Structures are given as structure tokens and as C-alpha cells.
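Visitor: okay, sequence plus prediction incoming.
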Amino acid sequence: MHNCKSLRSWLGKLKKEEQLAVIDKNVSLEYEIAAFTKKLDGKKAAYFSNVEGYHIPVVSGMTSTREQFAMAMGIPEQEITDKFLDALDHPTPCLQVSSEEAPVHENVIMGEDVDLLKLLPIPIHHEKDSGHYISAGLAIAKDPVTGNQNVSIHRLQVSGKNKLGALILPRHLYSFYKAAEEKGEPLEIAIVIGVDPVSILASQAIAPLGQDEMEIAGSLKGEPEPVVKCKTINVNVPAYAEIVLEGRILPHVREPEGPFGEFPKYYGPKSNKEVIEITAITHRNNPIFQTILASSYEHLLLGGIPREASLLRALRNTVPTVKDVHLSLGGTCRYHLIVQMKKRNEGEAKNVILAAFAGHYDVKHVIVVDEDVDIYNLEEVEWALATRFQAEKDLVVINGSLGSKLDPSTNKGVGSKVGFDCTVPLNSEPMEYEKIQIPGMNDMNEHDYLQQQVSFDLLPGEHFKE
Ligand code: MN
């Protein structure tokens, strides 16, 4: 049994594995944290212990590889998707604990003392961002009708001492908020900063409305998530979180938010958005502030891993012999889907392409390959496209379909979807598409061959000229 209970337990594990870079140098909130995070992206997490003007350290890029996510879940990398699907099917109810038992209630700040930028080291990441943004806050709210909780992440612009501007896309939190707003009421909301990577990953699950993502986190961890009721609102939050902002989304109020650098490596535009008023801040002793750099591997994989799980399930419902799926980093872990399948009937790969388009609106380009292609090796995928694809019969194009609104090449999200069927025709000759192999190569140990010394007999003037 592994134990990834909190941000601190994860940072301890990373340190032990020598995957945590500790930065003692005085760093600025403005761009410097982002720049260093980007340098370490895909390698190590960054822990900034000395942030200019603050006593609170900042952690960034705490999980930026698939291997690290697997390590946080305590499983081998190849099992991530199956484990995630299992957790979606078998949620684990949370464990309610008292305020005294909850580290996040060790300190409480209320009323006039709430001053976001004075208290918390909230960074600025990209050149044209409108200001300081909380980018790794779990937004937790209760459905006003059923009382079920929902967890999601939204970009949160610091708009004032106790005010945040939020981008709330039309999903679960949005539906709770609209239900409250229609009655002229605010929606209570907690913003949870500083939790372990499994909880963050679970918050990104493509789960139905009504399913509490914290219960998915519990299943991924193998034990119920301890939660505590907030001090000023009726919302339950992870008891071992570093920092919790308690507040409410105001009804019928919209104020400017943005621009903000987003996952596709472009800026999301400025427009009028919902406003959250913060009523209290609670935090652990010596809290740690967490940030996620937009479009970093961490950000991309957080979107990709849960989507891969849901897409795999959707594709298997259409063709059960789909083996695996991969949302590649270059496709922002959303737009490019690579599918590995065992084709038993001609035409099945085309059906898989259509199911992928319908499986999630973000999917734009789909490449389907046979079982002998490693879909995590993009050189092999390109080889399949180069040698097993003929546009005349293997290309699928759907125009005028809804995709990602953050893809600037679309018309407000409406654009083309393209599928590439790179599977081998079932009636091909036996050796026609057989990959060449070198017998014995896979069992060969290079070190057994690399022990000989050699010198070459050179004539004067024959030496390599440096
Ligand atoms: Mn949800």
C-alpha cells in the first residue's frame, strides 16, 4: 500500500527519488518561477523556498511525466488507464473528520484580514497574462439540488484583495452556478491549493454530473479521502490540503478576466467572466503554495490521462479489440489521438475513427495503427503513416464539427476532423507488411560485446585533423 495522502507526502517521495529540485535563490513571482519550471519540465519538480516578498514556499511542476503519475498511484506506468477506469467505476466515499483533526484548519484568516496577494505567493506565468493567477486550485462546490460535490480546476485571476475572476466552461460547476444564479443566490465554493498529484488527476476525470471526483481520488489511493467541512461555507475539502480559500460565486456579476496563456500554447482572450468573493482563508502551519504552469507537461498530462481512459472505454464499446490509446504531447494531450487495435474486420478502423470524434469534442486528428506499432513512440507512428496509409482510401474527413474553442484555427470551435487509417489491409500478402526483424537482437547485451581494446596502424600524415 502506498500513501500519497498530501502534497507533503508526495514532495518527500520526490526528494527520496532525487526528482525534486530545491531552489534557495531568491526568485520573483513575476515570470521567474515559470521560467525555471519550464526548464525542468518533464524532468524534476521545482520547490522554491525563497520567494521575493513572501515566507511561503512555492512548488511547481510536481508531476510532469507519466512515470511520476504512475509512481504517485503506486502502479506501473502501463496500468494507469485501467486503474483510472476502475476508480471511475468504483468510487470510495470520503471520510469526514473534525476541524481539530484537519491540518488545513490549523490557521484561519477571516474578514478584513483576507488579502490574497499580500498573504499568498501567487505567480505571473506568461508575458501577456493579465496578472497573478491561481492555476492549481481545486474548485469544490455542492450541487444546490442534490447536495453532491463536484471538483474541477479553473484559471483564477486575482482581481482584488478578496476577489477572483474565473473561467467557468459549461460543465458541472457551471450548471450548479446557473441553478443558484437563477434563484438570485450565490454559489458557495472552496478553492483548494496544495494537494497530492492523485487528487489533482482525479479532479480531471471525465465523470458524469453527480459523481464526486474526490471519491475517485479515494479509489486511486486505495483509502478514503479525509475531508473537513469549511469554516464559513457548507463545502467539504481535503483535510490535508495546504491552503483553502472559502468563498462564493456572485450571482449576476461579470467582470473582465484574461488574457491568460492556456494549454494549446496560445492566450485565452479577455472577456467578462464570473466573480468569486473570498470570505476566509484556512491553511496548515508553514503552508506550501502550489502552481501549475499552463501548457507544461504537468498541465498537458493532467488533461490527457483521464481523457485517454474515457476514450479507451468509448472506443472499446464500438470495437472491442481496441488495445490502447495515446493523446500525444505535441497534440496538447487533447487534439491528437493515436489508437492501437487488432483489426478483425475490414472497415473497423474507420468506425474507431468515428467513435473517437464522438468520444470527446477536443479530438481533432486520429491515427489508427495495428498492434505491431508502439503508439508511445511517435517515430513508429510516423512510420506507419508513411508506409501503411493511402489518402484515397484511408482518409476520413468530417467538416463543420465542434472542436476545441481554444484551437485558433477553428471558427469559434467549429472546424474539420481528420482520421488516418494506418492499419494493414486484411487481404494483404503475408510478407507484404511484415516488419523486418534481426533474430537475437532483443536478447543481446551490448556490454558483452564492448570489452575489446583496438589501435589502428596509421601512416604519418594520416591522422584525423582536429
Ligand atoms: Mn464533475
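Guide: Now that the structure is in, tell me what you want to look at.
Visitor: just the CA atoms of stretch 4-11, as CSV, please.
Guide: This file holds the C-alpha atoms of stretch 4-11, laid out as CSV (Å, rounded to 0.1, in the frame of the first residue of the first chain):
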residue,chain,number,x,y,z
CYS,A,4,0.1,9.8,-1.2
LYS,A,5,-2.1,11.5,1.3
SER,A,6,-0.9,15.1,0.8
LEU,A,7,1.3,17.4,-1.1
ARG,A,8,4.0,16.9,1.6
SER,A,9,4.0,13.2,1.4
TRP,A,10,4.5,13.5,-2.4
LEU,A,11,7.3,16.0,-2.1
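Visitor: from Ala166, how far out is the residue of the chain found nearest the ion?
Guide: The ion sits closest to His172 of the chain, with a gap of 3.8 Å, by Cβ to the ion. C-betas here are computed from N, CA, C, even on glycine. Here His172 is placed at a distance of 14 Å from Ala166 (Cβ to Cβ, to the nearest Å).
Visitor: Val58 now?
Guide: From Val58 to Ala166 the distance is 21 Å (Cβ to Cβ).
Visitor: and these two? which has more neighbours close in?
Guide: Neighbours were counted for Val58 and for Ala166 using other Cβ atoms under 10 Å; Val58 has more, 25 against 22.
Visitor: once you drop chain neighbours, what's closest to that one?
Guide: The spatially closest residue to Val58, leaving aside those adjacent along the chain, is Phe48, at 4.5 Å (Cβ to Cβ, 6 or more residues apart in numbering).
Visitor: can you give me the neighbour number for the one you found?
Guide: 29.
Visitor: same check, this time on Ser328
Guide: Around Ser328 there are 20 other residues, counting by other Cβ under 10 Å.
Visitor: for the closest residue to it other than its chain neighbours, list the residues it contacts.
Guide: Counting by Cβ to Cβ, 6+ apart, His336 is the residue found nearest to Ser328 once chain neighbours are left out, at 4.9 Å. Applying Cβ atoms under 8 Å, 6 or more residues apart in numbering, one finds that His336 lies in contact with Leu327, Ser328, Gly330, Lys364, His365, Val366, Ile367.
Visitor: do Leu29 as well
Guide: Val51, Glu52, Gly53, Tyr54, Pro121, Ile122, Pro123, Ile124, His132.
Visitor: and it, what pLDDT?
Guide: Per-residue confidence for Leu29 comes out at a pLDDT of 97.
Visitor: next, it: phi, psi?
Guide: With angles defined as degrees, to the nearest 10, Leu29 shows backbone torsions of phi -60, psi -30.
Visitor: Leu301 too?
Guide: When quoted as degrees, to the nearest 10, the phi and psi of Leu301 stand at phi -70, psi -30.
Visitor: what's near enough to touch it?
Guide: Leu301 makes contact with Thr63, Ser64, Thr65, Arg66, Phe69, Leu329, Cys333, according to Cβ under 8 Å, 6+ apart.
Visitor: hang on, the earlier thing: now for the contacts of His336: which two are most distant?
Guide: With distance counted by Cβ to Cβ, no two of these lie farther apart than Gly330 and Val366, which are 14.4 Å apart.
Visitor: more neighbours: the two, which one.
Guide: When neighbours are counted by other Cβ under 10 Å, Val366 comes out ahead of the other of Gly330 and Val366, with 27 against 9.
Visitor: sec struct for that one, please.
Guide: Under the three-state scheme (DSSP: H, G, I helix; E, B strand; the rest coil), the conformation of Val366 reads as strand.
Visitor: pLDDT score for it?
Guide: 98.
Visitor: for His2, same thing?
Guide: In this model, His2 is scored at 56, pLDDT.
Visitor: which residues of the stretch 1-150 of the chain lie near the ion?
Guide: Taking Cβ under 5 Å from the ion as the criterion, the stretch 1-150 of the chain approaches the ion at residues Asn150.
Visitor: got phi/psi on the residue nearest to the spatial centre of the chain?
Guide: To find the centre residue of the chain, average its C-alpha atoms and take the closest one (Cα atoms, centre = their mean): that gives Leu302, at 1.1 Å. Backbone torsions for Leu302, taken as degrees, to the nearest 10, come to phi -60, psi -30.
Visitor: and the closest residue to it other than its chain neighbours, how many neighbours?
Guide: Once flanking residues are discounted, Leu302 sits nearest to Gln204: 5.2 Å by Cβ to Cβ, 6+ apart. Other residues within reach of Gln204, judged by other Cβ under 10 Å, total 19.
Visitor: ok, Gln204 touching His299?
Guide: No: in terms of Cβ atoms under 8 Å, Gln204 does not count as a neighbour of His299; the distance is 10.2 Å.
Visitor: what about the longest strand along the chain, distance to the chain center?
Guide: What stands out as the longest strand in the chain, according to DSSP state E, is strand 243-257. For strand 243-257, the separation from the chain centroid amounts to 24 Å (computed by Cα atoms, centre = their mean, to the nearest Å).
Visitor: what comes up buried for that strand?
Guide: Ile243, Val244, Leu245, Glu246, Gly247, Arg248, Ile249, Leu250, Pro251, Glu257 (16 or more other Cβ atoms under 10 Å).
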